[in-house]
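>>> Okay, sequence plus prediction incoming.
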Amino acid sequence: MAEKKKVPAKTAPKKAVIKKKTPVKRKSTSKKKAQSPRSFWKGLMILGFKLSLVVLAILLIAGIYLDTVVKNRFDGQLFTLPTVVYSRVLTLAPGQNISLQTVKKELDLLKYQKVRQPQRSGEYSSSSTKIELIRRPFEFQQGPEPDRHVMLYFNSDGLQKIENRTAKKQMGFLQIEPQFLGMLDADDDQQRLFLRREQFPEVMVDALLATEDRDFYQHDGVSPLAIARAMVVNAKAGRTVQGGSTLTQQLAKNLFLSRERTLWRKVREAYIALILDYRYSKDRILEAYLNEVYLGQTGGEAIHGFGLAAQVYFGRPIEELRIDQLAMLVGMVKGPSYYNPMRFPERVKERRDLVLRLMMQEEILSPRQYEMAASRPLDVKKRASISTRQPAYFQQLKWELKEKAGEAYQRGEGLRVFTTLDPLSQQKAEKAVERIVPQLEKRVGKGLESAMVIVDRQSGEIRAMIGGSRTGFDGFNRAINAKRPIGSLVKPAIYLSALESPDKYSLATTLDDKPISLKGSKGTTWTPRNYDRKFRGQVPLYYALSRSLNVPTVNLGLMVGLNKVTDTLVKLGVNAQEINQVPSMLLGSISLSPHQVAQMYQTLGNGGRKAPLTALKAVVNTDGVLLYENFPRSSRVVPEQATWLTIYGMKKTVSEGTARFLNSKYSWAALAGKTGTSNDSRDSWYAGIDGREVAITWLGRDDNKPMKLTGSSGALRVYSDYLSMRSPEVFNLPWPNEVTTAHFDLQENKTLKPNCSGKENVPIWDIKGQYKAECEKKNTPAAWLTDIFGF
């Protein structure tokens, strides 16, 4: 039998075997939990260490950067310093023609205190013949000089003797320090008068430290004690009443940081203070602070430093301020706007007295000194100003600095500029304009403008300049920029041109004063007339000049020739391009500025020697090095004899001519002058000359409308008022060689007939001595006399 195959039996599906996972034995965490604090702090320490390294790196980098910034600033020029401008230096010498009253006015202008007996610099006493003073120490252009105790002796002729009271010997000369005029060219709105540490009064420094930082010489730039003390005081008060910043921190903030109130700024402030204290001496830091501290504002300019603040608020150098005045300045440090003495005098006095009490508590002052100081009023100026700045003069000065000093003049380096301005002349000229122009406006209406230029008669140095009726307004400068027809001011040049030919003309030469008409190239007719519309037939040359007659002047000018007159004007200082050679130039159709006219008349007043006008004397840097100096120089440009005779005619103008208004007051001074009026009385001019100065005055309107003022009724009145305050010096030009007195008979028509025995005396240029020789022979007038005098 066949075997049956075995069929495998169906197996039941296997059940999934689920293996039980053996539980993983976890390590006990009880041990880790026990170690957690240690690991945490270890990690924290590591993190802190890393952060510290980062902070240290940042501080190191910041320190290197800040240190470099501080070094660059402090080791270089710490401040951008404006140029300081001074007036002329008054030099006194025995035999000088200067009165006791003039010297007293100078001292008063310089804020010297009149006392019974001078004890300190800046004080003086006077009697009828003597002035005793202690001249302030000053760094002149030649170098620094200490204070000097001197006695000045005067008599009727002027300064007789200068005695050094300390050395008990006579002095050959004495320089009086110049007046501080103002500042130029600051690059920002900050102004300061830089002083060295030793120039600040010690009592003021002591007051500052007692008030602001009593531990200044002990701390390292930052005072934790001061910060803690301030926190306690502020907490008790419930508000911020006291700061903890040191003077060094205040300096760091002012010099290197902004005014933002953030923690980061305070950190940088402290860091810089530490660097400053480490690198520099306390006195160096204090010097910087005393010159940097903000002490108010005037005219849009910030006042920085105690040196300038003393001038602004008291008008005196800081070394001359009283203790109470110094305490006021120290008190202002806390808040110059809040403690503004001009606006809040009572508040400022309270603050000043608090500073004085602190000084007494620190034994800087005795109780008696405190009582005396606290009893005084503030004694501040009526108006806080950096200077009595003269805008017209400063415009001229800026131009000269650029043209003459050139590269020697650099802005922002604190240069000292010495000018030629005479503070007395400037002050009195301003007062004359401010007083007389409003009076004239009552007659002719508002809008009357003016200009004055006053120069030294011999040196050509500009003593005063006014550019408009608002003397302190810094605007259009009419003294140098307004060119107006000069009218009769041209006439002396015409007469000088004639008198240069003594063989043809003299002061006695007869001139025609009859109607004339001149035809122009275009068919026009010019008919000159005298101002009074009268004709006199014939007049002597000197008479025509003194009375400013137009027709005789035109006749003379045409005889001399326009080319000759033009040549004379150019020699006197007028630019040839300003002259249009037409007959009307003989009556002043030439347009010139007062400055240009001043040059012309300076040459005349100096006997024919032209000295270029200048406002700039010297430029000195902060190290005392002289960078530029102008030496007055003059050169002869026209004959002395002809100029002397022209001046004689101009003196007749004052004694009996169109300027005789002056003669009643100043006949003793032998003044010379010339009035000038342009067509339709649009311009009023006067040129006045005394022994000291040449003064040019102009009045007119900017719109060129008539004003109904002549030279006599307008500009002359301003000049007269100026002389009432600035007494003139006698004007005596020495007689030149070959000038002698000639004798004449006065004819019925007022002309002169030569006669060696005549009663009318007129000086002539006797170039060959012919007149003198003939008259000594006692001959009757010969034909040559007729030739000389125009008969």
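Arrived safely, thanks for sending.
>>> which residues in the stretch 251-400 of the chain form strands?
Using DSSP state E, counting those that start in this stretch, the strands of the stretch 251-400 of the chain run over 294-298, 301-304.
>>> and the ones you listed, which is most packed in?
strand 301-304 (a mean of 21; mean count of other CB atoms under 10 Å). Yep, even glycine has a C-beta here, placed from its N, CA and C like the rest.
>>> okay, the strands of the stretch 251-400 of the chain in a markdown table with distance to R148 and mean pLDDT next?
Formatted as a markdown table, the strands of the stretch 251-400 of the chain follow (distance: least, CB to CB, whole Å; pLDDT from 0 to 100):
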| stretch | distance to R148 | mean pLDDT |
| --- | --- | --- |
| strand 294-298 | 31 | 91 |
| strand 301-304 | 31 | 89 |
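>>> Take those strands and write them to CSV, including distance to E441.
CSV is the format used below for the strands of the stretch 251-400 of the chain (distance: least, CB to CB, whole Å):
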stretch, distance to E441
strand 294-298, 30
strand 301-304, 32
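>>> Please identify which of those is closest to T658.
strand 294-298 (45.3 Å; CB to CB).
>>> tell me what that closest one is packed against?
Judged by 3 or more CB pairs under 8 Å, 6 or more residues apart in numbering; DSSP states H and E, the packing partners of strand 294-298 are strand 301-304, helix 306-314, helix 323-332.
>>> any residues touching the longest one, and which ones?
Meaning helix 323-332. Under the criterion CB atoms under 8 Å, 6 or more residues apart in numbering, residues 201, 203-204, 207-208, 211-212, 295-296, 306, 309-310, 313-314, 318, 321, 339, 341, 348, 351-352, 354-356, 359, 365, 369, 373-374, 376, 378-380 lie in contact with helix 323-332.
>>> What of the first one?
When contacts are defined by CB under 8 Å, 6+ apart, strand 301-304 is touched by residues 186, 189-192, 291-297, 309, 312, 336, 386.
>>> and of the helices and strands packed on strand 294-298, who's closest to K130?
Comparing the helices and strands packed on strand 294-298 by CB to CB, helix 306-314 comes nearest, at 28.2 Å.
>>> From the chain's centroid, how far away is that closest one?
In terms of CA atoms, centre = their mean, to the nearest Å, the centre of helix 306-314 is found 17 Å from the chain centre.
>>> could you dump it to PDB, C-alpha only?
The C-alpha trace of helix 306-314 is given here as PDB (Å, rounded to 0.1, in the frame of the first residue of the first chain):
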ATOM      1  CA  PHE A 306      36.200 134.300  36.200                       C
ATOM      2  CA  GLY A 307      38.600 136.600  34.300                       C
ATOM      3  CA  LEU A 308      36.000 137.600  31.700                       C
ATOM      4  CA  ALA A 309      33.100 137.600  34.300                       C
ATOM      5  CA  ALA A 310      35.000 140.200  36.300                       C
ATOM      6  CA  GLN A 311      35.100 142.500  33.300                       C
ATOM      7  CA  VAL A 312      31.500 141.800  32.300                       C
ATOM      8  CA  TYR A 313      29.900 142.400  35.700                       C
ATOM      9  CA  PHE A 314      32.300 144.900  37.300                       C
END
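>>> I'd like the numbering to begin with 245 instead of 1 from here.
All set: I'll call the first residue 245, so the last point we hit is now helix 550-558.
>>> got the angle between it and strand 538-542?
40 degrees (axes from the mean of the first three to the mean of the last three CA atoms, to 10 degrees).
>>> counting contacts, what elements does helix 550-558 pack onto?
Contacts defined by 3+ CB pairs under 8 Å, 6+ apart place helix 550-558 against strand 434-436, helix 526-536, strand 538-542, helix 567-576.
>>> Which stretch among the ones you listed is buried most, on average?
By mean count of other CB under 10 Å, the helices and strands packed on helix 550-558 have helix 567-576 as the most buried, with a mean of 26.
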